[in-house]
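S.K.: The sequence and its predicted three-dimensional model are supplied below.
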Amino acid sequence: MSTESPATRDRILDTAERLFGQQGFSCTSLRQITDEAGVNLASVNYHFGSKEELYKGVLIRRLRPINEERIKLLTQAEQLADEQPVPIRSILETFIRPLLRHATAGSAGGIAFLRLISRDLTDPQPFMTAEMVREIDPLIERYTKVLTKTLPGIPLAELFWRMQFTVGGILYAAAHQRDFERISCGLCRGDDLEGCLRRLIDFCTAGLEAPLSDFAGRLATQSGSDAGPVHP
């Protein structure tokens, strides 16, 4: 078991990632995973203990390195900006590039993971709540702090709305990057990482920097947030 453990564990994770992404957690059985991975149930129990722990392992395996790279790149951008606000395009690049590169790295696993994380956002599993808080909340706090300095005129509540829409657009684009070529009848290349990145940055920048609408302005005044956003 010890000499085969790393390869067996990876095979289980790869298979579970694909099936969870295609079918969701509830509709994917351990029997399906073990049959397609060519392992027995004892191997899953040995490496993960339960279906829930396997699901956690699948998500964290790729999410944590992506988030670690994001923080590293954001720190570098802050250092380059010195005491000045980090340019919005630089902030977005640190957030988008690690994810998009992962999606276009030539591995089917990258696409499977992106489809899984997109599914998890729309159909979250209760047992993942605490795990995602540990993985995501520090990232949100760090990016919110940088964005409020760069966009001081956007009330915090409005900024969170815009961040929500931004993340949704990024995830969809990353997960479906390889479909663009077919949908556009060849006008857009599915492997055009830089082209997709630049267009995403253009699009998200416009959304984050958009002037406040009358509706958003009235809400900000009512909530008292027109005095300026507060760092979380």
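M.R.: The structure has been received and is ready for your questions.
S.K.: Spatially nearest residue to residue 121, not counting backbone neighbours?
M.R.: Leaving out its chain neighbours, the residue that sits closest to residue 121 by C-beta to C-beta, 6 or more residues apart in numbering is residue 171, at 7.1 Å. For glycine as for every other residue, the C-beta is placed from the backbone atoms N, C-alpha and C.
S.K.: Give the buried residues for the helix or strand harbouring that neighbour.
M.R.: Using DSSP states H and E, the element containing residue 171 is helix 156-175. For helix 156-175, burial by neighbour count (16 or more other C-beta atoms under 10 Å) applies to 156, 158, 159, 162, 163, 166, 167, 170, 171, 173, 174, 175.
S.K.: Correct me if wrong: the third one contacts residue 151.
M.R.: Yes. Using C-beta atoms under 8 Å, residue 159 and residue 151 qualify as a contacting pair, with a distance of 6.6 Å.
S.K.: if I look at the two, which residues touch both of them?
M.R.: residue 208 (C-beta atoms under 8 Å, 6 or more residues apart in numbering).
S.K.: quick revisit: where does the residue nearest to residue 121 sit relative to residue 179, distance-wise?
M.R.: 14 Å (C-beta to C-beta, to the nearest Å).
S.K.: Need the phi and psi values for residue 48.
M.R.: Main-chain dihedrals, residue 48, degrees, to the nearest 10: phi -130, psi -30.
S.K.: Residue 189 in helix, strand or coil?
M.R.: Three-state assignment for residue 189 (DSSP: H, G, I helix; E, B strand; the rest coil): coil.
S.K.: burial of the nearest residue to it once chain neighbours are set aside, as a residue count?
M.R.: Spatial nearest neighbour of residue 189, excluding adjacent residues (C-beta to C-beta, 6+ apart): residue 181 at 5.8 Å. Using other C-beta atoms under 10 Å, residue 181 has 15 other residues around it.
S.K.: that older thread, please list all residues in contact with the residue nearest to residue 121.
M.R.: 99, 114, 117, 118, 121.
S.K.: about what we covered before: make JSON lines out of the buried residues of helix 156-175 and add distance to residue 128 and pLDDT.
M.R.: JSON lines is the format used below for the buried residues of helix 156-175 (distance: C-beta to C-beta, whole Å; pLDDT from 0 to 100):
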{"residue": "156", "distance to residue 128": "26", "pLDDT": "95"}
{"residue": "158", "distance to residue 128": "28", "pLDDT": "96"}
{"residue": "159", "distance to residue 128": "25", "pLDDT": "96"}
{"residue": "162", "distance to residue 128": "25", "pLDDT": "96"}
{"residue": "163", "distance to residue 128": "21", "pLDDT": "95"}
{"residue": "166", "distance to residue 128": "22", "pLDDT": "95"}
{"residue": "167", "distance to residue 128": "17", "pLDDT": "92"}
{"residue": "170", "distance to residue 128": "20", "pLDDT": "89"}
{"residue": "171", "distance to residue 128": "16", "pLDDT": "86"}
{"residue": "173", "distance to residue 128": "24", "pLDDT": "82"}
{"residue": "174", "distance to residue 128": "20", "pLDDT": "78"}
{"residue": "175", "distance to residue 128": "18", "pLDDT": "76"}
